[in-house]
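[1] here is a sequence together with a model predicted from it:
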Amino acid sequence: MSDIFDGLGTAAEGGFFARALEPDSGALARGAHDPENCQNCGTPLVGAYCHACGQRGHLHKTIGAFMHDLLHGALHFEGKLWNTLPMLALRPGKLTRRYIDGERARFVSPMALFLFGVFAMFAAFSVAGIAAPSSFDGEDNSFVAGVRDGMEANDSAIGAAATSPAEGLAELRDQRGKLIDRLEAMSPGDPARAGVQEEIAGIDQAIAIVEIPGRLNAGDDATANGEAVEEPRPNDLDRLADAGTGIALVDRLMHKWQENPGLMLYKLQSSAYKFSWLLIPISIPFVWLLFAWRRRFGAYDHAIFVTYSLGFMTLMFIVLSLLGVAGIPGGVLALAAMIVAPIHLYKQLRGAYDLSRFSAFWRLLVLSAFIWIIVALFAQILLLLGAF
């Protein structure tokens, strides 16, 4: 439940950020309740807003008006939103070109739309349960919580393991096998899969706990039922972290991952939306390469193109996440994303840069390859941020 409230708070935060960038649209006539002079600077009012300082003429002074302003400021973009969203979805190239050519009062600015979309997307992820573990205080981190849950779910097996490690391990592994069979029988979109996966993870951690005292009590030649108990083998990351690379920053980052991978995943998720704006400057040079020999288009054109495109992608992921919560299979949603995203990019390229079908198509293919490079660069930046 806390994830849902965190998600709603994140969406509101994004709305406030976007609202700070996005003023009201168009000029409003002076209303019947507007005073003669601006209450801030005293300038005679001509319209609904003071042309000298920008303050609105009529000021509400009730708690109801305050709550209205709160919701209005967080979630509303006047009539711009309803002019922008249909064009962004159906005619993204025309929207991009019209905004570049100067039609600003009619549409939500790309940066405001992008900021709101990013925060709302991570809010939707929280509601859908797509989030890294968030409990890391003291002993109650994700690993310990998983072990505790696994032990509580398998009290009888743990009790047996306390007196007979071999029997306890056998019972734990038997229960794990049954859960895996149950998981394989479920459909990919079954909401109960997450619970079964958590139970399996808890049992795996419980097995690790039971194996350790079994080895310690058995001495150097530890055995269980006459069979040698193998020492745990460190994974590649552990071996690399222990050996070191000689690069202080890389070694520090690997040790952090080794000590608490759950915390690092949480930091990556947090950094991903706080620094998502970095995707814009990272992407602009790659789009510029597609038009390097066409002087008609400059970096500003590419920045608007990239920001509107990223804004659409965030809104698309929000819709897909909510459809997943509604029970649509994950395979169907993944297929929809793989179809919608390239079609949208193609239409935006063709309309924003006035391209022929062939010219837009080959640029789409090249841009699709560039996207993987952009994502890789962004992920590396997030990893470096995680070292601090």
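    Nice, thanks for sending it over. Numbers count the residues shown, from 1 in each chain.

[2] quick check: phi and psi at Ala124.
    Here the main-chain torsion angles of Ala124 (degrees, to the nearest 10) amount to phi -60, psi -40.

[3] pLDDT score assigned to it?
    At Ala124, the model reports a pLDDT of 82.

[4] I'd say it and Ser321 touch.
    Yes: at 4.3 Å, Ala124 counts as touching Ser321 under the criterion of Cβ atoms under 8 Å. Yep, even glycine has a C-beta here, placed from its N, CA and C like the rest.

[5] for my notes, confirm Ile328 occurs in a strand.
    No: using DSSP: H, G, I helix; E, B strand; the rest coil, the assignment for Ile328 is coil, not a strand.

[6] poorly predicted segments of the stretch 251-388 of the chain, please.
    Counting by pLDDT under 70, the stretch 251-388 of the chain contains low-confidence ranges at 251-264, 386-388.

[7] tell me where it has helices.
    Under the criterion DSSP state H, counting those that start in this stretch, the stretch 251-388 of the chain contains helices at 261-274, 279-290, 299-325, 330-353, 357-386.

[8] relative to helix 279-290, how tilted is the first one?
    Relative orientation of helix 261-274 versus helix 279-290 (axes from the mean of the first three to the mean of the last three Cα atoms, to 10 degrees): 60 degrees.

[9] between helix 261-274 and helix 357-386, how many degrees?
    130 degrees.

[10] could you say what helices and strands helix 261-274 packs with?
    Under the contact criterion of 3 or more Cβ pairs under 8 Å, 6 or more residues apart in numbering; DSSP states H and E, helix 261-274 touches helix 110-128, helix 248-259, helix 357-386.

[11] what of the second one?
    For helix 279-290, the helices and strands in contact under the criterion 3+ Cβ pairs under 8 Å, 6+ apart are helix 299-325, helix 357-386.

[12] pick the most buried one from these.
    The highest mean neighbour count among the helices and strands packed on helix 279-290 belongs to helix 299-325 (a mean of 20), with neighbours defined as mean count of other Cβ atoms under 10 Å.

[13] who are the packing partners of it?
    Other helices and strands packing on helix 299-325, by 3+ Cβ pairs under 8 Å, 6+ apart, are helix 80-90, helix 92-100, helix 110-128, helix 279-290, helix 330-353.

[14] TSV for those, including distance to Ser187?
    As requested, the helices and strands packed on helix 299-325 are arranged in TSV below (distance: least, Cβ to Cβ, whole Å):
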stretch	distance to Ser187
helix 80-90	30
helix 92-100	34
helix 110-128	17
helix 279-290	34
helix 330-353	10
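
[15] right, so of the helices and strands packed on helix 279-290, which gets closest to Ala194?
    Ranking those by their distance to Ala194 (criterion: Cβ to Cβ) puts helix 299-325 first, at 11.6 Å.

[16] now the angle between helix 279-290 and the closest one, please.
    Put simply, helix 299-325 runs at 120 degrees to helix 279-290, going by the same axes, to 10 degrees.

[17] give me the angle between helix 299-325 and helix 110-128.
    Interaxial angle, helix 299-325 versus helix 110-128 (the same axes, to 10 degrees): 20 degrees.

[18] okay, angle between helix 299-325 and helix 80-90 too, please.
    Taking the same axes, to 10 degrees, one finds helix 299-325 and helix 80-90 inclined to each other by 90 degrees.

[19] orientation of helix 299-325 relative to helix 92-100 in degrees?
    Computed with the same axes, to 10 degrees, the direction of helix 299-325 lies at 130 degrees from that of helix 92-100.

[20] need the helices and strands packed on helix 299-325 in CSV (columns: mean neighbour count and distance to Ala194).
    Below are those laid out as CSV (neighbours: other Cβ atoms under 10 Å; distance: least, Cβ to Cβ, whole Å):
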stretch, mean neighbour count, distance to Ala194
helix 80-90, 17, 31
helix 92-100, 21, 35
helix 110-128, 24, 11
helix 279-290, 17, 29
helix 330-353, 17, 12
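
[21] quick one: closest of the ones you listed to Phe317.
    Scanning the helices and strands packed on helix 299-325 with Cβ to Cβ as the criterion, the closest one proves to be helix 110-128, at 5.2 Å.

[22] what is that closest one packed up against?
    helix 2-21, helix 261-274, helix 299-325.

[23] one more time with 6 Å
    Based on contacts counted as 3 or more Cβ pairs under 6 Å, 6 or more residues apart in numbering; DSSP states H and E, the elements that helix 110-128 packs against are helix 2-21, helix 299-325.

[24] using CSV, list the CA coordinates for that helix.
    The C-alpha coordinates for helix 110-128 follow below in CSV (Å, rounded to 0.1, in the frame of the first residue of the first chain):
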residue,chain,number,x,y,z
PRO,A,110,8.1,19.1,-24.6
MET,A,111,10.1,19.5,-21.4
ALA,A,112,7.0,20.0,-19.2
LEU,A,113,5.4,16.9,-20.8
PHE,A,114,8.6,14.9,-20.4
LEU,A,115,9.0,15.8,-16.7
PHE,A,116,5.5,15.0,-15.9
GLY,A,117,5.6,11.7,-17.9
VAL,A,118,8.8,10.5,-16.2
PHE,A,119,7.5,11.0,-12.7
ALA,A,120,4.1,9.6,-13.6
MET,A,121,5.8,6.6,-15.2
PHE,A,122,7.7,5.7,-12.1
ALA,A,123,4.5,6.3,-10.1
ALA,A,124,2.7,3.8,-12.3
PHE,A,125,5.6,1.4,-11.9
SER,A,126,5.2,1.6,-8.1
VAL,A,127,1.5,0.9,-8.3
ALA,A,128,2.1,-2.0,-10.7
